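Asker: With the input below, show me the fold.
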Amino acid sequence: MNLSRELVRDLLAIKAVQINPEHYFTWTSGIKTPIYCDNRLTMSHPEVRQKITNAFIEMLEALDDQPDVIAGCATAGIPHAAWLADRLNLPMVYVRSKPKGHGKGNLIEGEFKAGQKVIVIEDLISTGGSSIDAAKALQDEGAEIIGVFAIFTYGMKKSIDNFATVNIPFQTITSFDLLLDAMVKDGEITAEIQTDLLSWREKL
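Answerer: Presented below is the predicted three-dimensional model:
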């Protein structure tokens, strides 16, 4: 998919993804990391978000099953799910990270019917935990999950193992590996730094 390589450069250009091998960022989990990914920034760039929607559509067209409903993961997956659902003229729901603390206490917002096929949209895959939780919440209400799609993945082994454990397929538009390839080709990092960054990822 050509869009994979285009989008990784777009993410770099808008600073949605940043690499700093010398001064590590700190994830919410406390992990020290040379990469920072904030795909929320794509909301402010119409051309980039349109490419993301186009890429998701290409990925859907390659599937044997097609969705009846698009589901977004709170919060950063919601806008991309909305744009995709709008383009496909399909119903949309979104899944909260935890049940609402008032009113009906909903975990899932929107409507779908048991047995309907659902694709889950996320912005980022690290360990896959939040995406899997969202997919399982939908399954508990009778949805048939045909997959999880995300914009970017770190490519951590833990995410691959976690998705395999629950037997839910996942795909991403672009990845940490493609990001490093692009940065080497563009002269932004050396091949030696690329190797060091890949070694960091394999230790997670």
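
Asker: tell me, what residue is most central in the chain?
Answerer: Using C-alpha atoms, centre = their mean, the residue of the chain that lies closest to the mean C-alpha position is Ala150, 2.4 Å off.

Asker: and the closest residue to it other than its chain neighbours, how many neighbours does it have?
Answerer: In this structure, Ala150 finds its nearest non-sequential neighbour in Glu122, 4.2 Å apart by C-beta to C-beta, 6 or more residues apart in numbering. No exception for glycine: its C-beta is placed from N, CA and C like everyone else's. Using other C-beta atoms under 10 Å, Glu122 has 30 other residues around it.

Asker: where in the chain is pLDDT low?
Answerer: 1, 100-105 (pLDDT under 70).

Asker: which helix in it runs the most residues?
Answerer: helix 46-61 (DSSP state H).

Asker: Please name every helix or strand in contact with it.
Answerer: helix 2-13, helix 77-88, strand 144-153, strand 170-175 (3 or more C-beta pairs under 8 Å, 6 or more residues apart in numbering; DSSP states H and E).

Asker: Gln116 is nearest to which of these?
Answerer: The minimum distance between Gln116 and these falls on strand 144-153, with 6.8 Å, by C-beta to C-beta.

Asker: Nice, that's everything, thank you.
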